[in-house]
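> have a look; sequence and predicted model below, questions after that.
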Amino acid sequence: MAVAAPPNSPDIFDLRSAALTLVAVVLKTADLSVLARELDARSADNPGLFDNDPVAVDLTAVRDEHEPIDFALLVALLRQHRMMPVAAKGGSPEQMAAALAAGLVEAPDFAPPPRAPRGAPAPAPEPVAAAPAPEPEVREVIREVIHEVEVVREVRVPGEAPATMVVDKPLRSGQQVYARGCDLIVLAAVNFGAEVIADGHIHVYAPLRGRALAGARGNTEARIFTTCMEAQLVSVAGIYRTTDVPLPADIVGQPAQVRLEGEKLVIERLGA
């Protein structure tokens, strides 16, 4: 017969919403032997590039390939190089079915909002009836960081730019901070193996030695600023550069910014 749980017993588990930002592995060939050689070469040049990071497999570039992809082999290959594939996106129906059969989930696509052509006049705003300005809302937001919880006081004022997330302690290897829907300011070092992500700009007023991903949801106007550029990886709107391509000597250890110029990632010294 059924046995009722004793009153006031502790909950066994909770179900809560969560969001995880993933690095995308963009496949440009269905030939996994070619991919294996390229991964071996990159790992040899930069053995600490990945540290069992969760990744999504982006199949957009191989969607029209007739050669089937062995997803079980692909998953094993990525795990061998310290990546943890958890999702796939952008493939043909057959590719997505094979990916799901291999244990991957289908990742949603977050398309960036369309941008007006350069030089095009901005559309005139529709007239809006004036309304009394509401009082600023002050609330406390708890943001989760790997291995610890950051508590940030966030002030939202209607009509102004989104709030900025501020982190004032060093980030160690394996830690990740994500500033969803806003800019990120870090006042201490981002060490090798740590990761900072923002939907807007990233400012690091200390050495940036880990990974920095600005414009995580497709904002091509986002930038990365640091007072000491030694980054393991930098990315703006999904276009990235790793230490596979060494930074120029006049950039390493200097104040610098990272921005997009069309489809090209530009890294330049500040104050030059």
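On my side now, so go ahead.

> which strand residues bridge Q257?
Under the criterion DSSP bridges, Q257 forms beta bridges with F225, E268.

> check contacts around it.
Residues in contact with Q257, defined by CB atoms under 8 Å, 6 or more residues apart in numbering, are 223-226, 267-268, 270. Every C-beta, even on glycine, is put in place using the N, C-alpha and C of the backbone.

> same thing with A206?
170, 186-190, 226-228.

> measure it to R223 for me?
17 Å (CB to CB, to the nearest Å).

> for I12, same thing?
46 Å.

> compare the two (neighbour count), which wins?
A side-by-side neighbour count of I12 and R223, using other CB atoms under 10 Å, places R223 first with 18 against 6.

> give me the element the nearest residue to G253 once chain neighbours are set aside is part of.
In this structure, G253 finds its nearest non-sequential neighbour in C228, 5.7 Å apart by CB to CB, 6 or more residues apart in numbering. Element membership of C228 [criterion: DSSP states H and E] is strand 224-229.

> next helix or strand past that strand?
strand 233-236.

> how distant is that following strand from the center of its chain?
Counting by CA atoms, centre = their mean, to the nearest Å, strand 233-236 is centred 9 Å from the centre of its parent chain.

> residues making contact with it?
With CB under 8 Å, 6+ apart, strand 233-236 has contacts from 49, 210-215, 220, 222-224, 240-243, 258-260, 265, 267.

> run the last query once more with 7 Å
Applying CB atoms under 7 Å, 6 or more residues apart in numbering, the contact partners of strand 233-236 are 211-215, 222-224, 240-242, 258-260, 265, 267.

> what are the ranges of the helices in the stretch 151-272 of the chain?
Using DSSP state H, counting those that start in this stretch, no helices are assigned anywhere in the stretch 151-272 of the chain.

> part of a strand, is R37?
No: assignment of R37 by DSSP: H, G, I helix; E, B strand; the rest coil gives helix, placing it outside any strand.

> any idea what I185 is bridged to?
If you apply DSSP bridges, the partners that I185 bridges to are V166, H203.
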